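1. Sequence and predicted structure below; questions after.
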Amino acid sequence: MNADGAECVSGDITKLEKIVPFFEDQAAVVHLAGDSRLKADWNSVYQNNILGTYNVFEASRQQGIKKIVFASSNHVTGLYEGDWPISSIVRGDFEGIDKTKIPKVSHLSPPRVDSFYGASKLFGEGLGQYYSREYGVSVISLRIGTVRPYEWPMPSETRFFATWLSHRDLVQLVEKSLEARGLTYDVFYGVSDNTWRFWDVSHAKDVIGYEPQDNAEEHRPKKGKP
């Protein structure tokens with residue numbers, strides 16, 4: 001099947017020899033494949049997120065691709081959500097919190113993974129750094145926030161009003177990453193311009209010109225709005 005004139009193929013990323021031909025004559029790779037469940041078991045995480053990510057990077061190298069945009073995850077630093085005031089924000093309890101002074105988790109914050117899934121994404125970031133240094137591949141890792149199939153958060157999804165990444169902001173972030181020149185390796189957080197966000201996007205703004213357009217507060221039900 002085709003989408004907007006693009007050729008679509010399917011393959012198993014756990015089988016390197018099967019996917020290498022798909023990478024021929026490609027200018028860049030956006031690696032989104034894997035098991036995205038926070039509670040995914042180790043076997044699935046290993047097969048799809050660790051082995052699969054290695055295979056994507058290696059297939060790219062074998063075919064001479066020089067740019068990879070890797071879908072990492074905010075769960076690389078997920079345990080920060082146990083610290084106040086972030087712990088209160090994810091519960092929707094804003095009492096005593098100045099929204100202009102929320103401490104932001106950044107690309108410089110030490111990793112604090114919260115799951116096998118988060119650990120697999122940290123592995124992918126490290127692998128990208130290695131391929132960048134060893135093989136000259138430009139790798140950008142995006143610590144993606146909460147992307148919903150129905151776009152904005154539902155009223156019951158309290159945490160998501162802080163962590164939401166809109167569809168158009170995600171598209172912009174990927175496009176800016178693909179267009180970036182002169183980067184060897186970098187990490188950017190992907191989150192919309194939410195009032196209660198606790199991830200720092202200033203690095204993405206400064207380096208690749210990311211300018212989030214959306215704010216989850218615009219979709220929060222009026223009743224009980226902080």
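-> Sure, I can see it.
2. Excluding covalently adjacent residues, which one is nearest to Arg61?
-> Tyr135 (5.2 Å; CB to CB, 6 or more residues apart in numbering). For glycine as for every other residue, the C-beta is placed from the backbone atoms N, C-alpha and C.
3. neighbours of that neighbour, just the number please.
-> Per other CB atoms under 10 Å, the neighbour tally for Tyr135 reads 15.
4. Centre of the chain to the top helix by length along the chain, how far?
-> Secondary structure of the chain per DSSP state H: the longest helix is helix 116-135. Mean-position distance between helix 116-135 and its chain equals 13 Å (CA atoms, centre = their mean, to the nearest Å).
5. Quick one: mean pLDDT for that helix?
-> Mean per-residue pLDDT for helix 116-135: 98.
6. quick one: buried residues of it?
-> Buried residues in helix 116-135, defined by neighbour count with 16 or more other CB atoms under 10 Å: 116-125, 127-129, 131-132.
7. now swap in stretch 75-90 and tell me
-> Per 16+ other CB under 10 Å, stretch 75-90 contains these buried residues: 75-78, 80-81, 85-86, 89-90.
8. Then stretch 49-63?
-> 49-61.
9. Need the contact partners of that stretch.
-> 13-16, 19-20, 22-26, 29, 31, 33-35, 40, 68, 70, 117, 120-121, 123-124, 127-128, 131, 135, 137 (CB atoms under 8 Å, 6 or more residues apart in numbering).
10. Now do the residue nearest to His75 when sequence neighbours are not counted against Glu218, distance only.
-> Sequence neighbours aside, Gly118 is the residue nearest to His75 in space, at 3.5 Å (criterion: CB to CB, 6+ apart). Look at Gly118 and Glu218: by CB to CB, to the nearest Å, they are 29 Å apart.
11. wait, doesn't Thr14 sit right on Gln47?
-> Yes - if you go by CB atoms under 8 Å, Thr14 and Gln47 touch, sitting 5.2 Å apart.
12. Where does pLDDT dip in the protein?
-> Scanning the chain for pLDDT under 70 picks out the ranges 1-5, 223-226.
13. can you count the residues close to Gln47?
-> 15.
14. Over to it: give its phi and psi.
-> phi -70, psi -50 (degrees, to the nearest 10).
15. so who does it touch?
-> Taking CB under 8 Å, 6+ apart, one finds Thr14 in contact with Gln47.
16. separation between it and Gly34?
-> 9 Å.
17. got a list of what the spatially closest residue to Val201 that is not a sequence neighbour touches?
-> Closest residue to Val201 apart from its sequence neighbours, by CB to CB, 6+ apart: Tyr189 at 5.5 Å. Under the criterion of CB under 8 Å, 6+ apart, the neighbours of Tyr189 are 74, 105-107, 142-143, 145, 199-201, 203-204.
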